[in-house]
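K.L.:
quick check, what structure comes out for this input:
(one chain, ligands or ions: 1)
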Amino acid sequence: MQQQSPPSKKSRLGDGESRFVIPANNPLLRCADLVFPWLNPQGLAAVSQTCKALSLITRSLSLRRSLDATRCLENFPVPFCNAVDSQRYVYFIYTPFQIPASSPPPPQWWGSATRESDGDDDDSTPNWKSENVARPSIDSVSERGRFGVSLVNESGERMFGCDCRICEEGHCQCFAFAGTEEIANECGSGCGCGSDCPNRVTQKGISIRLKIVRNEKKGWCLHADQLIKQGQFICEYAGELLTTDEARRRQSIYDKLRSTQSSFASALLVIREHLPSGQACLRINIDATRIGNVARFINHSCDGGNLSTVLLRSSGALLPRLCFFAARDIMAEEELCFSYGDVRVTEKNRDGKLNCCCGSSCCFGTLPCENT
Ligand SMILES: C[S@@+](CC[C@H](N)C(=O)[O-])C[C@H]1O[C@@H](n2cnc3c(N)ncnc32)[C@H](O)[C@@H]1O
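P.N.:
Next comes the predicted model:
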């Protein structure tokens with residue numbers, strides 16, 4: 001596991017560039033600042049060729065993008081830190097929760113230079129809560145319940161969820177023991193309790209400081225940027241929910257892309273929930289490659305890493321969510337990893353498999369493979 005510290009901003013960008021502020025009296029630049037945040041990196045590269053002023057805006061916008069992968073959609077910004085090469089950020093559409101598959105991905109605003117005056121003199125650090133350009137407003141609790149149902153019986157009583165005033169273990173039925181640490185329940189859209197319910201830990205967004213660090217061998221990696229205590233919630237694996245046919249179709253496209261572009265990394269996760277008999281009963285395909293959250297940067301470790309995964313059901317939700325918790329105390333700067341699975345390659349099917357660089361003493365040499 002390699003750790004790197006973020007490059008100094010001044011070493012990557014001139015001081016003037018990081019402090020670039022759109023002059024209020026220049027309509028062209030104002031207009032650019034409204035339009036450019038909707039562009040992808042190819043679009044930005046094209047407009048940056050047109051003139052010096054626009055080139056300066058696009059570079060400033062790239063810097064701002066690199067300061068927060070979450071596009072202001074989480075409680076804290078999650079910066080990209082790269083001391084390895086010139087790539088500043090990864091372009092993907094951010095969603096804090098799982099969403100239905102979308103084709104093509106929706107456009108999303110990211111990285112304007114326009115700011116409200118907030119009395120903060122340090123222009124190199126955007127105040128992500130106060131940027132005054134329209135952006136998706138997300139009430140994480142209600143949005144996370146969007147696949148929820150609230151069923152009532154003939155007498156109008158709830159069939160799922162609770163009606164507690166304060167949800168407490170031993171009283172609230174949503175704390176019901178699932179029989180395994182890998183499966184758990186929370187209150188949700190089917191419950192009468194509100195968004196401040198203490199039994200909705202994973203529905204309040206990311207509440208710890210994280211950063212995305214570039215590594216020569218593994219590409220981008222999610223790191224802790226503070227001490228994380230054992231058992232603390234880190235994030236869920238958010239992305240597009242796919243049918244199995246669509247997951248197979250995309251996986252074959254990703255395999256082809258990987259064979260032609262060595263830097264391409266896909267983030268398609270298949271979760272199988274098993275019956276006690278061991279037979280698969282529910283399969284969930286989440287693709288965070290084009291639309292996802294910071295979990296798409298979590299790499300594999302053959303020793304299981306420092307994260308535990310929990311399949312978490314919120315009362316009333318149709319599908320469970322895969323949530324990551326700290327398996328032990330995790331120090332600031334440590335990389336966050338988990339095991340992608342146990343299916344191993346043999347000498348016969350080794351072709352095309354990725355080399356594992358997890359660095360653990362029990363490293364198998366290749367990444368686990370998924371038979372989609
Ligand atoms: C979910 S993504 C993780 C983020 C990825 N590193 C990136 O740059 O976007 C999965 C991909 O990361 C890379 N990866 C993950 N774990 C790795 C490991 N232990 N060794 C080498 N590459 C790894 C592989 O390319 C894999 O397909």
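K.L.:
could you find the closest non-adjacent residue to Ser207?
P.N.:
Asn75 (5.7 Å; C-beta to C-beta, 6 or more residues apart in numbering). In short, each C-beta sits where N, CA and C put it, glycine included.
K.L.:
isn't the one you found right next to Leu210, touching?
P.N.:
No - counting by C-beta atoms under 8 Å, Asn75 does not reach Leu210; the two are 10.8 Å apart.
K.L.:
more neighbours, the two?
P.N.:
Leu210 (24 against 15; other C-beta atoms under 10 Å).
K.L.:
rewinding a little: next one: the residue nearest to Ser207 relative to Phe233, how far apart?
P.N.:
Between Asn75 and Phe233 the computed distance is 12 Å (C-beta to C-beta, to the nearest Å).
K.L.:
shared neighbours of those two, anything?
P.N.:
Ser207 (C-beta atoms under 8 Å, 6 or more residues apart in numbering).
K.L.:
residues touching the closest residue to the ligand within the stretch 1-150 of the chain, list them.
P.N.:
Relative to the ligand, the nearest point of the stretch 1-150 of the chain is Val90 (6.2 Å; C-beta to the nearest ligand atom). By C-beta under 8 Å, 6+ apart, Val90 lies in contact with 69, 80, 212, 220, 297.
K.L.:
these in strands, which ones?
P.N.:
80, 212, 220 (DSSP state E).
K.L.:
the ligand next: which of the residues you listed are close?
P.N.:
Restricting these to those touching the ligand (C-beta under 6 Å from any ligand atom) yields Trp220.
K.L.:
reformat the ones in strands among the contacts of Val90 as TSV; add pLDDT, distance to Gly341 and neighbour count.
P.N.:
Converted to TSV, the ones in strands among the contacts of Val90 look like this (pLDDT from 0 to 100; distance: C-beta to C-beta, whole Å; neighbours: other C-beta atoms under 10 Å):
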residue	pLDDT	distance to Gly341	neighbour count
Phe80	98	27	20
Ile212	98	23	22
Trp220	98	20	23
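K.L.:
quick one on the thing from earlier: and the pLDDT at the residue of the stretch 1-150 of the chain closest to the ligand?
P.N.:
As predicted, Val90 sits at a pLDDT of 97.
K.L.:
Three-state assignment for it, please.
P.N.:
Following DSSP: H, G, I helix; E, B strand; the rest coil, the label given to Val90 is coil.
K.L.:
Validate this expectation: Ala288 resides in a helix.
P.N.:
No - counting by three-state DSSP, Ala288 is not found in a helix; it is strand.
K.L.:
Asn285 sits in which helix or strand?
P.N.:
Under DSSP states H and E, the secondary-structure element containing Asn285 is strand 280-292.
K.L.:
mind listing what's buried in that strand?
P.N.:
284-292 (16 or more other C-beta atoms under 10 Å).
K.L.:
same question, stretch 216-223
P.N.:
218-223.
K.L.:
which pair in these spans the largest distance?
P.N.:
Gly219 and His223 (13.1 Å; C-beta to C-beta).
K.L.:
is the residue of the chain found nearest the ligand in a bridge, and if so with what?
P.N.:
Proximity of the chain to the ligand (C-beta to the nearest ligand atom) peaks at Gly219, 2.6 Å away. Partner residues in beta bridges with Gly219, using DSSP bridges, are Asn215.
K.L.:
cool, and the one 4 residues further on?
P.N.:
Beta-bridge partners of His223, counted by DSSP bridges, are Lys211, Glu335.
K.L.:
wait, it sits on Glu333?
P.N.:
Yes - at 6.2 Å, His223 and Glu333 qualify as touching, with contact defined as C-beta under 8 Å.
K.L.:
need the pLDDT of the spatially closest residue to Leu336 that is not a sequence neighbour.
P.N.:
Distances taken as C-beta to C-beta, 6+ apart place Leu222 nearest to Leu336, at 4.8 Å, with adjacent residues excluded. In this prediction, Leu222 carries a pLDDT score of 98.
K.L.:
near the ligand at all, stretch 309-316?
P.N.:
No - Stretch 309-316 does not reach the ligand (C-beta under 6 Å from any ligand atom); its nearest approach is 13.5 Å.
K.L.:
low-confidence ranges in this structure?
P.N.:
1-24, 115-160, 176-181, 275-276, 278-280, 343-352, 370-372 (pLDDT under 70).
K.L.:
ok, now how distant is the most centrally placed residue in it from Ala69?
P.N.:
In the chain, the residue lying closest to the centroid (C-alpha atoms, centre = their mean) is Asn293, at 1.7 Å. To Ala69, Asn293 is 9 Å away according to C-beta to C-beta.
K.L.:
find the residues that touch each one of those two.
P.N.:
Common neighbours of Asn293 and Ala69 (C-beta under 8 Å, 6+ apart) are Tyr94.
K.L.:
quick one: name the residues of the stretch 251-372 of the chain near the ligand.
P.N.:
Near the ligand, when you scan the stretch 251-372 of the chain using C-beta under 6 Å from any ligand atom, you find 265-267, 296-297, 299-300, 354, 356-358, 367.
K.L.:
ok, now how distant is the residue nearest to Leu336 from Thr70?
P.N.:
Distance of Leu222 to Thr70, given as C-beta to C-beta: 12 Å.
K.L.:
same question for Cys323.
P.N.:
In terms of C-beta to C-beta, Cys323 sits 17 Å off from Thr70.
K.L.:
right, I'll call it a day here.
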